[in-house]
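**Student:** Have a look at this fold, sequence not included:
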């Protein structure tokens, strides 16, 4: 029990936040002229396979963000790292159409390196020029997105398709898929492995110890001999590398080509960030919270089919949950106080 | 010579137009910063304002109604920000991020439930802000397009810059605000209500960001597009850092960032790919941070 | 129903204040008359600051009542207390560095014209007030640039501007030079003569004996006595404060060994144009404890940071044995034989949210027996932390408990124990017993002496002169970033040190 708590953290806060968000969101649905009970009921009927395939990028981006958060660094640049990773994966896959495991590994590796370097550049700016990561990582999203967009509209464009996208990658470089009407693919497994490796590394390794201590108290770690610059750069690289890997997973496992906006439109990076916040950046918590947010989103699609309520309700709910999570301690305190006053 | 050729009326004319949304949001961020609140929700507040403006203009039938609704939307979302960041003492960065995501989700949701469209909303019933021609200046070369022919929000933003300067450094409230930001505990022991001042600062930033949003959706264009704030709130955050939370410094920073945006706009006219010209403001904003930080740091 | 004469400016009756399990104030009574200077003394952690927090509306008491000028009052915030005529000069000043003296004084009660601050009126009022009480200040100066003694005058002016009838000063002399201290005492006496009731909080007996009319002693949250100071003595007050006397550890005569630390013309930049550390030379030998004395803010912290590797010096050399430290990282310095007990225990010494075992591991995580092949061996880590807990008698629910759950003394023992365990050649210690209970002080002192006699070199930076006199073989005095004097153990006294610290001698 206590081991579980150590891995997942205290669940009361997140659960309370979810409950509060559902209430507020329900009131909001009511205010916009819909029936919240109907909407929520329809939300619960989401498709399991769709949820799993949706959960992979969300959990992946959640872990990417969580790595940085646990060390006390902000990475709001998941989106750019994800996009560049996806672009790199597609480029490598298109350049080596023979396929085979080696090409797949190379493609994913390139995605991780490119995503990692993009994030590490923000760390470089922070330590060299003291540009706050919070701002630099976020601003780096825009050039990354625009660069990818430029390339798929020009040099890398599949001229026959008429759409801003690359050519389709060869079958041999696509990730294996099984069942779930083709929605389950090896990338989901890959993300799961990444979660477990990261969970182990943070909790049980020397590097993870240094990372956690830096996150808890930067000065303490520094005085104890942790090289902040080195740790920060490698943490940001790893964070960005995981994001890049997620980009590769989506490109090689789902789209089979790089399509402009396909990685930014579903807000994987931002949902992942919310998942990291909800779970207190504990990797196994990220897994749970990621599955939950994926279910909320597929539920949103189901709800939109059945009711008139736009599926963007799930985005509203997610944001509300994070608001309540931010204030969870105070919020719980306030609840306790009202209860005592009764 | 050719390079200088781009500094024409198109460029100067769009400078203030592009600088204004960033300036208004940055003034809001500055007031919060001075009160000791790091407000990274500017982006979301601006987006809420842009949407509110369109709703107000469409249903109210006038640009003024649009501006009023924009300010109201900004303030309403800011109230939520203040509730969670100040009253419930949530982490201001987490709350700010949540507010940005909430604004983005809410506007898309409402865009669909109110107007029944996705992506963008444009309608002949939308009344944009009219532009004012300044007599005497209007006809001058360069200065004319630079200063004249803007929406009233642009001129209000310029006046507000001076207003914020006076408020902060001359007014009793400004003195207390700066005290609260510098040493909240000390201000508290002197009987100043820290929470109330901070809440007020956030609400004011909401109003300013609302105005900024109105300029975006009823001034620069007359339509609403999903996430049309497009990082301008974040550029405003940088402008506050760059201008050292000083109204005149922030004003200068916003002019610089507005210039890069209008430069990008101008270069697009020269058949450069839009993706590259659009990334100009972000790259320049980042670059300005390097230059600024490395110049002011000792090592 | 007061038993005291009606002249009492304020009374506290039966004040009890708990923080969780800890009883900070236990049925405390205190009565101070108008025109009286009343000493409030006690060891660190005796409950003085909490009691004044209750009086000033910062803490709500769990039991007891407050009377001001005979009327029962309830203070929900400092504002209520201010309105009732109380003023407080906090230990850590509550000043706005970027505002002027006048702005600081009138803050929250500004003279205004059309909503704008009327600076002329503010400056005039503050100047008048300053002149009336002999508090010399320049009303237009920015507070951040003023010397500490002047900042304290601004704090007193703030209280007087609000017409305080009761003025509480929390450890006001801790940051002052002896000269500034004399000035403060003159001001306080003149205020008392005008009828202000003054509470003077201190843990330094000589000050209390010279200044105060009556003195109340707190120990472990309880009042152990209220005496008329003139009829009391340092011995009596000391007994009331401590309950028992601290046994000074015996020091065996010993010969220092070879030089371990050698610092040559070290310069460290400060916040202003003047360097914080200015051409400092010093050496520490094996089996030697070298103390550094000085009024806070004279470069001691920066010196320590430069040795520890947290601050890059502008010039000069720091040699540890044969290694030149200045170009090394913190980790390399530690590998070269440096261990540090930092000044800021919770801010630098610990990650309070982490467990005792995790805190004890810092700096040792590279050892293969604790993390073979980079994977932590938690059994070995816990065992090692358990040994540390036993050795230093750290009271904790277990090595997996959060460091935040330990008392201040036990947290300090954890830091000291961890750093001692490095068996480093040089131990840099800053303020090792600040805010620590007596038993822990004795234990820490004993541990430092054992370390030194075992062959270690110790550089001890402390604000407690008594601690330096007890432990150090030699004491260097820092003033304005420079070493201005050195006294051997045999010739060092509090008086001589005080004189050097003030720039005399």
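**Tutor:** All right, it came through fine. All of these numbers come straight from a predicted model, not from anything done at the bench. Residues are numbered from 1 along each chain as shown, chains lettered A, B, ... in the order given.
**Student:** mind listing what the residue nearest to residue C:163 when sequence neighbours are not counted touches?
**Tutor:** Nearest non-adjacent residue to residue C:163, counting by Cβ to Cβ, 6 or more residues apart in numbering or on different chains: residue C:85, 6.7 Å away. Yep, even glycine has a C-beta here, placed from its N, CA and C like the rest. Applying Cβ atoms under 8 Å, 6 or more residues apart in numbering or on different chains, we find residue C:85 in contact with C:68-69, C:163-166.
**Student:** Could you give me the buried positions within stretch A:74-87?
**Tutor:** For stretch A:74-87, burial by neighbour count (16 or more other Cβ atoms under 10 Å in any protein chain shown) applies to A:74-87.
**Student:** ok now that stretch, how far from the chain's centre?
**Tutor:** Mean-position distance between stretch A:74-87 and its chain equals 10 Å (Cα atoms, centre = their mean, to the nearest Å).
**Student:** on that earlier part again, for residue A:112, state which of the contacts of residue C:85 is nearest.
**Tutor:** residue C:164 (64.9 Å; Cβ to Cβ).
**Student:** helix/strand/coil for that closest one?
**Tutor:** At residue C:164, secondary structure determined by DSSP: H, G, I helix; E, B strand; the rest coil is coil.
**Student:** Just grab the bridge partners of the spatially closest residue to it that is not a sequence neighbour for me.
**Tutor:** Leaving aside its sequence neighbours, residue C:164 sits nearest to residue C:87 (Cβ to Cβ, 6+ apart; 3.0 Å). When bridges are called by DSSP bridges, residue C:87 pairs up with residue C:167.
**Student:** quick one, what contacts residue C:87?
**Tutor:** Contact analysis of residue C:87 by Cβ under 8 Å, 6+ apart lists C:156, C:158-160, C:162, C:164, C:166-168.
**Student:** got those as a markdown table, with pLDDT columns?
**Tutor:** Formatted as a markdown table, the contacts of residue C:87 follow (pLDDT from 0 to 100):
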| residue | pLDDT |
| --- | --- |
| C:156 | 93 |
| C:158 | 94 |
| C:159 | 92 |
| C:160 | 91 |
| C:162 | 90 |
| C:164 | 91 |
| C:166 | 95 |
| C:167 | 95 |
| C:168 | 95 |
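**Student:** Among those residues, which pair sits farthest apart?
**Tutor:** Largest separation among the contacts of residue C:87 by Cβ to Cβ: C:158 and C:166, giving 14.0 Å.
**Student:** These two - which one has more neighbours?
**Tutor:** The neighbour count for residue C:158 versus residue C:166, taken as other Cβ atoms under 10 Å in any protein chain shown, is higher for residue C:158 (29 against 24).
**Student:** Give me the pLDDT for the residue of the stretch 1-150 of chain B found nearest chain C.
**Tutor:** The stretch 1-150 of chain B approaches chain C most closely through residue B:34 (10.5 Å), counting by Cβ to the nearest Cβ. According to the prediction, residue B:34 has pLDDT 97.
**Student:** Mind listing what's buried along stretch C:211-230?
**Tutor:** Using 16+ other Cβ under 10 Å as the test for burial, stretch C:211-230 gives C:211-219, C:221, C:223-224, C:226-227, C:229.
**Student:** meant to ask about stretch A:307-316
**Tutor:** Under 16+ other Cβ under 10 Å, the buried positions of stretch A:307-316 are A:307, A:309-316.
**Student:** Having no further points to raise, I will conclude here.
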